[in-house]
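K.L.:
show me how the following folds:
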Amino acid sequence: MQAALLVLLLPACAQQASVKPPPEPFVFRALDLRQQDTAGRPAWELTSPEARYDITRRVAQARQPRGVIYLQGKPRYRISARSGTVIGDGQAVQLEGEVSITLLGKDPVHVRGDLVRWLPRQNLMLIDRRPVATDRSTRLRARTARFLIADDRIELRGTATLDHWDGAAGGPPPLSISTASVDWKPNNGALQAPRAVQGQRRRGTALDQTLTASGLQGNLREGFVDLLAPVQVLDGGRQGLLKADRTRWAINDQMLSSGSPFTGQVKRLKAQGARFVIDLRQSTLLVPQACALQQPDETLNAERCLWHWPSGRFDASGDVVLRRQTYKQVTRASVLQGQIGKDGTATFTAPGTRVLSRFTLPRGEQSSGPSRSAAPPVTF
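P.N.:
Numbers count the residues shown, from 1 in each chain. Now for the predicted structure:
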């Protein structure tokens, strides 16, 4: 009986002894992956001072991975992160923690995120957490982003925002423009947003102006963004509104300009012109051609107008003609200077300049011919 029991137990013991434990991950001293393109040139590389490799799953956990992506055999992007997961021999790489992708060159661009999935064979990076792209004075941010490496294109999706500083980036941005999506080519700078955009300009912590447009196109490396028609700029504090067609924003010079006709209004005062230039640094609006102002019973036409909106100072020059319905008064001068008040009305004078005024008096009143005066005040 005991012998039979022993015979039955022996196979079971032999079976248990033959079961091997699953292989344990082990630590490499370093990770060093390198791939070449079809021409035998380096395509990309990824290294780490320490990696833990799971043989069964063919997955490597890397610490402080560093990498380089090449274009035609030359380094184009540098990559770094706190940690990374490599599948197989590099079919997919997941980078986590302070992920940085830097465009190498004279004017570097930095793309950052918390989580990046890199598919080297597809030349694709998916940035799922807080993607941000920055250069010296501009920042692009969104909820998610796709980086098509071979096409040099970053597709930002989900409330994409363009922030710009007048100088080096730092602190709250004075100007921000938001839209649903933005496509940007970091190497050549081309930028496009096909859907409606809304912008805000701040002076310190106070909101100064807001703008809207149907979309935007531009080039950040060349320093401009074109706002697509219809464009509106609203100054809520002064109750001012400007409506224009395609408008160029020179981001480095802080200038807004349009070569197409526009209309504007500050409370009761209406304006229009053939084109305009807004200097955001100097807080001035220049109408260099076909300037026209209108308010109840009065109009002014000039070749050129300049308005400094913080002070209200206004200058009109070049064949200035002021018309008032009262007595059908017409005043002509080469230059008129004045002040636009808080209520939107303007008072003009012509210091040191001769003016010509013509009146038509009602029947029964004493009539007079044209009168000349050295510097008469004119209320407009």
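K.L.:
low-confidence ranges in the stretch 1-150 of the chain?
P.N.:
Scanning the stretch 1-150 of the chain for pLDDT under 70 picks out the ranges 1-28.
K.L.:
please enumerate the strands of it.
P.N.:
Ranges of strands within the stretch 1-150 of the chain are 26-28, 31-36, 42-48, 50-54, 59-63, 66-71, 74-80, 83-87, 92-103, 109-119, 124-129, 132-134, 138-141, 144-148, based on DSSP state E, counting those that start in this stretch.
K.L.:
in CSV, list those along with distance to residue 281 and mean neighbour count.
P.N.:
Heads up, the C-betas are built off the backbone N, CA and C, glycines and all. Putting the strands of the stretch 1-150 of the chain into CSV (distance: least, CB to CB, whole Å; neighbours: other CB atoms under 10 Å) gives the following:
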stretch, distance to residue 281, mean neighbour count
strand 26-28, 56, 11
strand 31-36, 49, 15
strand 42-48, 44, 20
strand 50-54, 51, 17
strand 59-63, 48, 20
strand 66-71, 38, 19
strand 74-80, 35, 16
strand 83-87, 45, 19
strand 92-103, 29, 19
strand 109-119, 25, 20
strand 124-129, 34, 19
strand 132-134, 22, 20
strand 138-141, 17, 21
strand 144-148, 32, 20
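K.L.:
nearest to residue 329, of these?
P.N.:
Closest of the strands of the stretch 1-150 of the chain to residue 329 is strand 138-141, at 51.5 Å (criterion: CB to CB).
K.L.:
give me the contacts around the closest one.
P.N.:
By CB atoms under 8 Å, 6 or more residues apart in numbering, the surrounding residues in contact with strand 138-141 are 130-134, 154, 156, 160-165, 169, 173, 182, 184, 220, 251.
K.L.:
and stretch 83-93, by the same measure?
P.N.:
31, 33, 35, 44, 46, 48, 51, 58-65, 94-97, 117-121.
K.L.:
swap the cut-off to 6 Å and go again
P.N.:
Taking contacts as CB atoms under 6 Å, 6 or more residues apart in numbering, the residues outside stretch 83-93 that touch it are 33, 58-63, 65, 94-97, 118-120.
K.L.:
do you know which of the strands of the stretch 1-150 of the chain lies nearest residue 314?
P.N.:
strand 138-141 (33.6 Å).
K.L.:
dig out what residue 298 forms beta bridges with.
P.N.:
Beta bridges link residue 298 to residue 295, residue 324, judged by DSSP bridges.
K.L.:
if you could redo that for residue 329, that was the one I meant.
P.N.:
With DSSP bridges as the rule, residue 329 is bridged to residue 324.
K.L.:
ok, it - how many residues close by?
P.N.:
15 (other CB atoms under 10 Å).
K.L.:
over to residue 305?
P.N.:
26.
K.L.:
how about residue 179, what does it touch?
P.N.:
Residue 179 neighbours (CB under 6 Å, 6+ apart): 160, 193, 195, 197.
K.L.:
let me fix that, I meant to ask about residue 118.
P.N.:
Contacts of residue 118 by CB under 6 Å, 6+ apart are 93, 125.
K.L.:
just give the closest residue to residue 113, not the sequence neighbours.
P.N.:
Spatial nearest neighbour of residue 113, excluding adjacent residues (CB to CB, 6 or more residues apart in numbering): residue 127 at 4.0 Å.
K.L.:
for the one you found, what are its contacts?
P.N.:
Residue 127 neighbours (CB under 6 Å, 6+ apart): 113, 116, 145.
K.L.:
7 Å instead?
P.N.:
In this structure, residue 127 makes contact with 113, 116, 144, 145, 147, judged by CB atoms under 7 Å, 6 or more residues apart in numbering.
K.L.:
for residue 320, state which of those residues is nearest.
P.N.:
When the contacts of residue 127 are compared against residue 320 (criterion: CB to CB), the nearest one is residue 145, at 53.0 Å.
K.L.:
how far away is the closest residue to that closest one other than its chain neighbours from residue 102?
P.N.:
Closest residue to residue 145 apart from its sequence neighbours, by CB to CB, 6+ apart: residue 131 at 3.7 Å. Here the criterion is CB to CB, to the nearest Å. By it, residue 131 lies 14 Å from residue 102.
K.L.:
good, we can wrap up now.
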